[in-house]
Each structure stands twice: as structure tokens, then as C-alpha cells.
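Novice: For reference, the sequence and a predicted model appear below.
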Amino acid sequence: MYIYYALGFLALLLVVGIALYLITARSYESSDTVANSYDEWTQDGILEFYWGEHIHLGHYGSPPQRKDFLQAKADFVHEMVKWGGLDKLPTKTTVLDVGCGIGGSSRILAKEYEFEVTGVAISPKQVQRATELTPEGVTAKFQVDDALALSFPDNSFDVVWSIEAGPHMPDKAKYASEMMRVLKPGGILVVADWNQRDDRAFPLNFWEKPVIYHEINF
Ligand SMILES: C[S@@+](CC[C@H](N)C(=O)[O-])C[C@H]1O[C@@H](n2cnc3c(N)ncnc32)[C@H](O)[C@@H]1O
């Protein structure tokens with residue numbers, strides 16, 4: 001008898017959980033709301049206080065090991081450089097950092113690899129903060145631009161780089177095609193984003209499919 005009560009209670013919890021998720025999940029409104037949220041987070045300084053200059057996940061080694069949270073984020077940038085083969089490129093290589101945040105990656109690419117970096121973000125306050133954090137002589141500059149309608153001509157950059165901006169894009173195909181449009185022929189596109197696992201090895205289940213295809217946005 002008790003088993004039926006327990007099952008009934010679990011079913012009730014499941015229904016309440018799903019209802020709460022559906023009621024509280026934020027759906028995408030516009031690029032303005034994304035920009036406003038990042039503007040606010042930049043102005044209050046909390047994100048920068050805890051996460052430093054990088055608004056992305058870290059690299060903890062292979063096999064993973066304990067390391068400083070902020071160091072892991074910087075290490076991630078270097079791993080991505082190696083993964084994309086950018087460490088073999090000459091100095092003055094031109095790089096577009098799409099969705100650059102407050103410029104953490106852009107500054108590493110400029111300072112440590114001597115690339116000519118342009119960072120773009122949808123948030124004016126992030127662009128302002130990125131500029132403030134970039135010392136004179138570091139070859140990284142920043143501007144407000146929409147990844148879905150980049151203001152650069154075709155074939156502008158040797159490398160296009162983007163970390164964890166994709167979830168904000170309501171049109172992923174446009175995000176990809178804009179990055180490819182401004183990339184020079186033979187250039188390198190390096191993009192990183194969250195992905196729990198490779199769905200070619202373990203296909204998404206009935207619950208994951210709608211979640212993954214539903215844009216998680218502001
Ligand atoms: C999670 S943060 C990542 C920031 C940066 N790539 C980093 O790793 O520190 C997402 C970034 O995407 C930018 N972004 C979101 N929508 C955008 C759009 N439509 N065009 C350009 N940037 C956008 C935000 O302004 C923010 O800088």
C-alpha cells in the first residue's frame with residue numbers, strides 16, 4: 001500500500017517540478033534584453049569580482065586536477081589556442097572575438113600571442129569595461145556589434161573565435177554563417193560552448209531533445 005503512496009508522491013513531485021520549470025524558464029525576448037542583462041552585471045561588478053575577466057568555464061587538465069578557479073579559465077583560453085592550431089600562426093594574425101565579454105580572451109590572444117584582436121559584444125557596458133581593462137599597447141580593441149548582423153565586410157579576419165556566446169543566439173545558423181562570412185578563405189574558426197556529451201555516441205533522450213533544442217536565453 002505504502003508503495004502506491006510513495007509512487008503517487010513522486011509523480012506529484014515530477015508534475016510540480018515540470019510545472020515550475022515551464023513557469024519560471026526565461027524565454028528569449030530580444031538582443032536588447034541580453035545586452036541589458038550583461039550591462040547590469042558589468043555595472044554591479046559581482047560577476048567580475050568572482051569570475052575575473054573570463055565569463056566562461058575552465059580547463060582543469062587531462063586527467064582533471066584541482067586548480068585555482070580563475071587560473072582554470074585562463075588555461076582554457078590557451079587550450080583552445082592549441083586545439084585550434086592558433087599557436088602555429090604568426091604574430092599580427094587578425095582575430096575577431098565574437099561575444100567577447102569584458103575581453104579576457106582577447107587580451108590573452110593579443111598579449112601572449114601578439115595577435116591583432118577585435119572583440120565584439122552586444123553589451124555597451126562590457127565593451128566599455130573591456131576597453132578600460134586593456135592597457136595602452138595591447139593590440140586588442142572592442143566595439144558593440146551584433147553577432148547575428150556583424151558590421152564587418154566579408155573575408156575580414158584570419159581567425160574567428162567565440163566562447164560561450166552561442167546560447168544567446170536565437171538563430172544558431174545565422175550566428176555560424178555570420179562568423180563564416182567574415183572569416184577569410186582558409187581562415188580558422190574556433191568556437192567553444194557548453195555540451196554535456198557527444199550526442200553521436202549517446203543520443204539525446206526524449207527529455208533532453210526538447211531542452212537542448214529550446215534556446216536557453218534571456
Ligand atoms: C557567457 S558571455 C562570454 C563572454 C566571453 N566570450 C568570455 O568567454 O569571457 C556571452 C557573451 O556573448 C555576448 N553576446 C550575447 N548575444 C550577443 C550578440 N547577439 N552579439 C554579440 N555578442 C553577444 C554577451 O555580450 C557576452 O559578452
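Specialist: Sure, I can see it.
Novice: so residue 139 makes contact with residue 116?
Specialist: Yes: contact status for residue 139 versus residue 116: in contact at 5.0 Å, counting by C-beta atoms under 8 Å. Yep, even glycine has a C-beta here, placed from its N, CA and C like the rest.
Novice: Those residues of this protein touching the ligand, which are they?
Specialist: By the rule C-beta under 6 Å from any ligand atom, the part of the chain lying against the ligand is 31, 34, 38, 54-56, 99-101, 104-105, 120-123, 126, 146-148, 163-165, 168.
Novice: In strands only, show me these.
Specialist: In strands, judged by DSSP state E, the following of those are found: 120-121, 163.
Novice: Pull the number of nearby residues for residue 39.
Specialist: 18 (other C-beta atoms under 10 Å).
Novice: Name the nearest residue to it, ignoring sequence neighbours.
Specialist: residue 125 (4.0 Å; C-beta to C-beta, 6 or more residues apart in numbering).
Novice: so residue 180, which of the three states?
Specialist: Assigned by DSSP: H, G, I helix; E, B strand; the rest coil, the conformation of residue 180 is helix.
Novice: surely it meets residue 189?
Specialist: Yes: if you go by C-beta under 8 Å, residue 180 and residue 189 touch, sitting 6.7 Å apart.
Novice: Which of the two has more residues huddled nearby?
Specialist: Ranked by neighbour count (other C-beta under 10 Å), residue 180 and residue 189 place residue 189 first, with 17 against 12.
Novice: helices or strands next to the helix or strand harbouring that one in the packing?
Specialist: For residue 189, the element it lies in under DSSP states H and E is strand 183-192. Strand 183-192 sits against helix 69-83, strand 157-163, helix 172-182, with contacts defined as 3 or more C-beta pairs under 8 Å, 6 or more residues apart in numbering; DSSP states H and E.
Novice: Relative to residue 21, how far out is residue 123?
Specialist: According to C-beta to C-beta, to the nearest Å, residue 123 and residue 21 sit 27 Å apart.
Novice: Have a look at these two and say which one is more surrounded.
Specialist: residue 123 (24 against 10).
Novice: How about that one: what's its closest non-neighbour residue?
Specialist: Using C-beta to C-beta, 6+ apart, the nearest residue to residue 123 is residue 38, at 3.5 Å.
Novice: How about residues contacting the longest helix seen in the chain?
Specialist: Taking DSSP state H as the criterion, the chain has its longest helix at helix 2-24. Residues outside helix 2-24 that contact it (C-beta atoms under 8 Å, 6 or more residues apart in numbering): none are found.
Novice: where are the low-confidence patches of the protein?
Specialist: 1, 196, 211-218 (pLDDT under 70).
Novice: Pull the contacting residues for the residue positioned nearest the centre of the chain.
Specialist: The chain has residue 164 as the residue nearest its centroid, 1.3 Å off, counting by C-alpha atoms, centre = their mean. The neighbours of residue 164, taking C-beta under 8 Å, 6+ apart as the test, are 55-57, 99, 192-194.
Novice: Is there a quick ChimeraX command that grabs whichever of those are buried?
Specialist: To isolate the buried members of those in ChimeraX, using 16 or more other C-beta atoms under 10 Å:
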select :55,56,99,192
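Novice: Among the contacts of residue 164, name the ones in helices.
Specialist: Nothing among those maps onto helices, per DSSP H.
Novice: Max pairwise distance over the contacts of residue 164: which two?
Specialist: 57 and 99 (14.4 Å; C-beta to C-beta).
Novice: who touches both of residue 180 and residue 189?
Specialist: residue 160.
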